[in-house]
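**Student:** Sequence plus the predicted model coming up.
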Amino acid sequence: MGKLYAISGVTGMTGNELVRQILTEDSRDRILGFDNFYASSIDTVSDRIDDERFEFFEYDLNNKEQMLDFENRVRSASPKYDEVIYINCAAVVHTEHFYHVYETFETNVEGMNEFLQQAIRVGAGKFINCSTSEVYSMNSWNENGGVKESDYLTMAVAEHSQRTSYATGKLLTEFFMKDAVDEGRIRGCSIRFANVYSKDERYPKHIIPYIINSFRDEGKVVLLENSRKNRRTFLNNYDSCSAVLALASTDTALDGTVYNVATDEEISIIDLATLCAKKMGITEPVIEFEGYRESDPERRLLSTEKIRTRTSWRPVVGLDKGLDECISNYIPRVSRDL
Ligand SMILES: NC(=O)c1ccc[n+]([C@@H]2O[C@H](COP(=O)([O-])OP(=O)(O)OC[C@H]3O[C@@H](n4cnc5c(N)ncnc54)[C@H](O)[C@@H]3O)[C@@H](O)[C@H]2O)c1
């Protein structure tokens, strides 16, 4: 009979790729999804919008009437499917919004909890909660193969930066998830993604599109002073979504706990900029430094032993291939050939 997916934030970076990965040619699954276009547009699913297995609603996670309507639609569709899986992708994400305490609280914490309660009310079997590796805050790495889900946290606090409000909100959602599973209301887990990127990104301030677009449009890139030292791993959107689906289809993994999802391919931001420039045919890239971000960890390196042990998930898109795809998408062939 197939599975029924209920996805919030479905036109966002994670949501739209999930639609693509779920609705393969012979899939009997169906998706009910919504988004309020806070940070996306319908264009991201234009290749699937006519697929009768996908129904989209321009709804807001914080709008009670719209959520009630969505709930009723899921409830009435659910008897035709083997199981109902909720995936919460809707969130106030991205660097500049992280500082908006009330907005992140309303959507990322209250909205997440309402969506979780909705999943429980409709009798959904599973709930996947997208959390973030930002919760590792100032202890985002170690020399023993990266931070683990069970490591204690050292958070930057309001004394340091309002930015951590995003991470603390997400951290709270992990407790909601755990409580719901421990109380036997649903199965599920939280996922701490680290630095997801995509060739179709709509948000030009994420570092990879920012670097590529800056070289393309300005002939140079201006980085934060932090970038002189900072190192990161980057997770291709294809791999973040395949992790969501790997977890959703592994019942034994859905014990309410947290899973790191990342790669271990670490690169400094300066080397990332130089690599992008090289791939774009720029031999002597101009890299300038301006501004400083408080409480930004120098590294973010996650252990993915837990998800690799409990599921068959492995990342398949290396940074080299991922950057090639980004560059060919952001820079039309004709302008690269000039
Ligand atoms: N991108 C990353 O690097 C990253 C890293 C760690 C965790 N995450 C988490 O993964 C999840 C998905 O993130 P993403 O990268 O796809 O971000 P995204 O911004 O591309 O997608 C989020 C979507 O939610 C929508 N949205 C926001 N507020 C809404 C509301 N009130 N009602 C309905 N829709 C709303 C946005 O319009 C957007 O389409 C989020 O929970 C995010 O916190 C992302």
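**Tutor:** Sure, I can see it.
**Student:** Find the nearest non-adjacent residue to the residue in the stretch 1-150 of the chain that the ligand sits nearest to, please.
**Tutor:** Per Cβ to the nearest ligand atom, Gly12 is where the stretch 1-150 of the chain lies closest to the ligand, at 2.0 Å. All C-beta atoms are positioned from the backbone trio N, CA, C, and that covers glycine. Nearest non-adjacent residue to Gly12, counting by Cβ to Cβ, 6 or more residues apart in numbering: Ser40, 4.9 Å away.
**Student:** Distance check, the one you found against Ser165.
**Tutor:** Look at Ser40 and Ser165: by Cβ to Cβ, to the nearest Å, they are 22 Å apart.
**Student:** hang on, the earlier thing: from memory the residue of the stretch 1-150 of the chain closest to the ligand sits against Ile87, does it?
**Tutor:** No. Distance between Gly12 and Ile87: 11.3 Å, which falls outside the contact criterion (Cβ atoms under 8 Å).
**Student:** More neighbours: the two, which one.
**Tutor:** When Gly12 and Ile87 are compared for neighbours, Ile87 comes out ahead with 31 against 24, by other Cβ atoms under 10 Å.
**Student:** quick one: what helix or strand has that one in it?
**Tutor:** strand 83-88 (DSSP states H and E).
**Student:** Just give me how far that strand sits from the chain centre.
**Tutor:** On the basis of Cα atoms, centre = their mean, to the nearest Å, strand 83-88 is displaced by 16 Å from the centre of the chain it belongs to.
**Student:** Renumber starting at 22 from here on
**Tutor:** Got it, first residue is 22 now, which makes that one strand 104-109.
**Student:** Tell me how many other residues crowd the residue nearest to Gly33.
**Tutor:** Residues near Ser61, counting by other Cβ under 10 Å: 20.
**Student:** List, one by one, the residues from this structure near the ligand.
**Tutor:** When proximity is defined as Cβ under 6 Å from any ligand atom, the chain approaches the ligand at 29-30, 32-36, 56-61, 81-83, 110-114, 128, 132, 151, 153-154, 214, 216-217.
**Student:** Buried ones among these?
**Tutor:** The neighbour-count test (16 or more other Cβ atoms under 10 Å) marks 29-30, 32-36, 56-57, 59-61, 81-82, 110-114, 128, 132, 151, 153-154, 214, 216-217 as buried among the residues of the chain next to the ligand.
**Student:** Mark which of the residues you listed are part of helices, please.
**Tutor:** Met34, Thr35, Gly36 (DSSP state H).
**Student:** export those to TSV and tack on pLDDT and distance to Cys297?
**Tutor:** Below are these laid out as TSV (pLDDT from 0 to 100; distance: Cβ to Cβ, whole Å):
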residue	pLDDT	distance to Cys297
Met34	95	19
Thr35	96	23
Gly36	97	26
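**Student:** Among those, find me the one that's closest to Glu246.
**Tutor:** Taking Cβ to Cβ as the measure, Glu246 lies nearest Met34 of those, at 27.2 Å.
**Student:** centre of the chain versus the helix or strand hosting Ser97, how much separation?
**Tutor:** Per DSSP H and E, Ser97 falls inside helix 85-98. Distance of helix 85-98 from the chain centroid (Cα atoms, centre = their mean) equals 24 Å.
**Student:** which residues in the protein form helices?
**Tutor:** According to DSSP H, the helices that the chain contains are 34-43, 85-98, 122-125, 133-142, 185-203, 228-239, 258-269, 290-300, 326-331, 340-351, 354-358.
**Student:** weakest of these by average pLDDT?
**Tutor:** Mean pLDDT per stretch puts helix 354-358 lowest among those, at a mean of 47.
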